[in-house]
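**Q** Sequence first, then the predicted structure:
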Amino acid sequence: MTDRPAFIADPSEAEAFLAANPDVVQFECFLTDPSGVQRGKILRREEMMGAYRHGRPLPCSILSLDIRGADVEETGLVWDEGDSDRMCRPVKGTLTRSPWRSTPTAQFILTSFEKDGSGSDADPRHALARVTDACRAAGLHPVAAVELEFYLLDGKAAAEGRAVPPTAPNGFRQSELQAYLVQDLSDFSGFLDDVYKAAEIAGLPARTLISEYSPGQLEIVLEHRDDPLRACDDAVLWKRLVKGVAERHGYAATFMAKPYAGFAGSGTHLHVSFADAAGTNLFAGEEPAGNALLRQAIAGLEATMAESMALFAPNANSYRRFRANSYAPVGPAWAIDNRSVPIRVTAGPPKTRHLEHRVCGADANPYVVMAAVLAGMLEGVEKGLAPSEPITGNGYDQIPPSLPRHWPEALRRARQSDFLKRRLGERFTDVFLTIKEAECDRFFAEITDRDYAWYLRLA
């Protein structure tokens, strides 16, 4: 590569890490595929500097896989390319220890490049980079944070494919809602203490911790970054950290959108604002309903929400979240400090004003959904769109259900979208949707226990 992108790590980062961590013997390096799964390899210590100086090759088909890891040949990234290698390079600032591993281990994020040195079109991180660059070219510098909900589960039950609330070390197993119960945080304090310690070692800005709306559901807020790519890197590393620490304690952690039919789903909430080149918040202002720029950004999100749903809710299970009075949206709308709508302008001092996008499930790919959200905001600003009137009161009583409620419908809407192709890239959009269309077809081809229970005798 002749020009090193700003987010590619310099070899000096690896040299400093090796010197400061002489005990680390192996390094997990991975990229995030379109489905949001981390895939890569383990390097030994003596291989590290080569990876930072020259990159590491991975087959191009790694960006063609469905959620189960099966090739989707229709992407053109398998046999059409002879499954040839793409050079993957370490991302700056992501080299950290993995303190949940018994063998001294570290990890770092990779991103993929084509043979001509350009970013691989099918790599979700490059899709976000393209949208971020477009925002900055318009004088709009995104500031973002990713807020993730997850469920802590009984580890043995999860290994058997069942979702069961975990038993705390004191022997108590919660089975009721008990929203925001502080006792939950005390019951699982050993696990949570280790999560915070691991986050500090990994340099992840984990902040506020709350027990959410269901048994075993938790959320820890990550701090804002002035680079949305880094905010999404944080989210990817955070998911791995939570899962790793949970396993050390005999639990399982899941970011599945809806693990329990009777309890709330888990969401990815994106906190986003635009700043100028000096870092001044362009959404700041005393206006109760937001300034003109904020309102245009909201309007863009409203206008593009339905066609983006296949990205916000990328799996069959994702659509089980979308029910009235479930803290998941049913139609485009916005409000001031109101959690019954998909776009919430947060309370707080005017200089901190930003919007919270509350549509995505926790199973969504952070890079993909951040790209779609920033693209929607940019679309609204560049076209000077006007938003709907802000909702007051219960949004579920006022917002007509209009978002795709089922996976095939969402995929059809996305496939017809000119917006997604223009903003995220035609090739990335095609690869992402091709993978998900194949995955949808494979999912509905399976015969489940529910099929037999409902139809075997009566059909």
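**A** Everything's here; your move. Numbers count the residues shown, from 1 in each chain.
**Q** which non-adjacent residue is nearest Pro259?
**A** Spatially, and ignoring its direct neighbours in sequence, Pro259 is nearest to Ala163 (4.2 Å; CB to CB, 6 or more residues apart in numbering). Just so you know, the C-beta spots here come from the backbone N, C-alpha and C atoms, and that holds for glycine as well.
**Q** cool, and Arg4?
**A** Excluding its sequence neighbours, the residue lying closest to Arg4 (CB to CB, 6+ apart) is Asp10, at 7.9 Å.
**Q** Please report how far that neighbour lies from Cys29.
**A** Separation of Asp10 from Cys29 (CB to CB, to the nearest Å): 16 Å.
**Q** Repeat that for Asp154.
**A** Separation of Asp154 from Cys29 (CB to CB) stands at 32 Å.
**Q** out of the two, which sits in the more crowded spot?
**A** Cys29 (25 against 19; other CB atoms under 10 Å).
**Q** low-confidence ranges in the stretch 301-450 of the chain?
**A** In the predicted model, the stretch 301-450 of the chain carries pLDDT under 70 at residues 324-328.
**Q** What ranges does it have for its strands?
**A** Applying DSSP state E, counting those that start in this stretch to the stretch 301-450 of the chain gives strands spanning 334-336, 343-345, 355-357.
**Q** Adding mean neighbour count, write the ones you listed out as JSON lines.
**A** As requested, those are exported to JSON lines (neighbours: other CB atoms under 10 Å):
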{"stretch": "strand 334-336", "mean neighbour count": "21"}
{"stretch": "strand 343-345", "mean neighbour count": "24"}
{"stretch": "strand 355-357", "mean neighbour count": "23"}
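**Q** Nearest to Leu43, out of these?
**A** Across the strands of the stretch 301-450 of the chain, the minimum distance to Leu43, taken as CB to CB, is reached by strand 355-357, at 36.1 Å.
**Q** In its sheet, which strands sit next to that closest one, and in what direction?
**A** Strand 355-357 has the following strand partners under DSSP bridges: strand 268-275 (antiparallel), strand 343-345 (antiparallel).
**Q** Mean neighbour count, the ones you listed: which tops it?
**A** strand 343-345 (a mean of 24; mean count of other CB atoms under 10 Å).
**Q** Quick check: His126 is in a helix.
**A** Yes: per DSSP: H, G, I helix; E, B strand; the rest coil, His126 lies within a helix segment.
**Q** ok, it - how many residues close by?
**A** For His126, the count of nearby residues is 25 (other CB under 10 Å).
**Q** Quick check, it in contact with Ser120.
**A** Yes: counting by CB atoms under 8 Å, His126 does reach Ser120; the two are 6.1 Å apart.
**Q** Common neighbours of those two, please.
**A** Listed as contacting both His126 and Ser120 by CB atoms under 8 Å, 6 or more residues apart in numbering are 111-112.
**Q** before we move on, back to that, can you tell me which residues contact the residue nearest to Pro259?
**A** 151, 153, 157, 254, 259-260.
**Q** how much space between it and Asn291?
**A** Distance from Ala163 to Asn291, by CB to CB: 44 Å.
**Q** for the residue most central in space within the chain, what are its contacts?
**A** Of all residues in the chain, the one closest to the mean position by CA atoms, centre = their mean is Pro366, 2.4 Å from it. Each residue near Pro366 by CB under 8 Å, 6+ apart is listed here: 32, 36, 146, 231-232, 235-236, 268.
**Q** And the helices in this structure, which stretches?
**A** With helices called from DSSP state H, the chain shows them at 11-20, 48-54, 124-137, 155-159, 182-187, 189-202, 228-248, 292-304, 309-312, 366-383, 407-415, 418-424, 426-445, 449-455.
**Q** name the helices or strands packed onto the first one?
**A** The reference is to helix 11-20. Contact partners of helix 11-20 among helices and strands, from 3 or more CB pairs under 8 Å, 6 or more residues apart in numbering; DSSP states H and E: helix 48-54.
**Q** Give the buried residues for stretch 13-20.
**A** Using 16 or more other CB atoms under 10 Å as the test for burial, stretch 13-20 gives 13-14, 17-18.
**Q** Give me the neighbour count for Gln416.
**A** 10.
**Q** what's the closest non-adjacent residue to it?
**A** Distances taken as CB to CB, 6+ apart put Glu307 closest to Gln416, at 7.2 Å, once the chain neighbours are dropped.
**Q** residues in contact with that neighbour?
**A** Counting by CB under 8 Å, 6+ apart, Glu307 touches 413-414, 416-417, 419-420.
**Q** mind redoing it with 6 Å?
**A** Taking CB atoms under 6 Å, 6 or more residues apart in numbering, we find Glu307 in contact with 413-414, 417.
**Q** and the gap between it and Phe322?
**A** 16 Å.
**Q** do Asn365 as well
**A** Distance of Asn365 to Phe322, given as CB to CB: 18 Å.
**Q** Can you list the low-confidence ranges for the stretch 1-150 of the chain?
**A** In the predicted model, the stretch 1-150 of the chain carries pLDDT under 70 at residues 1-3.
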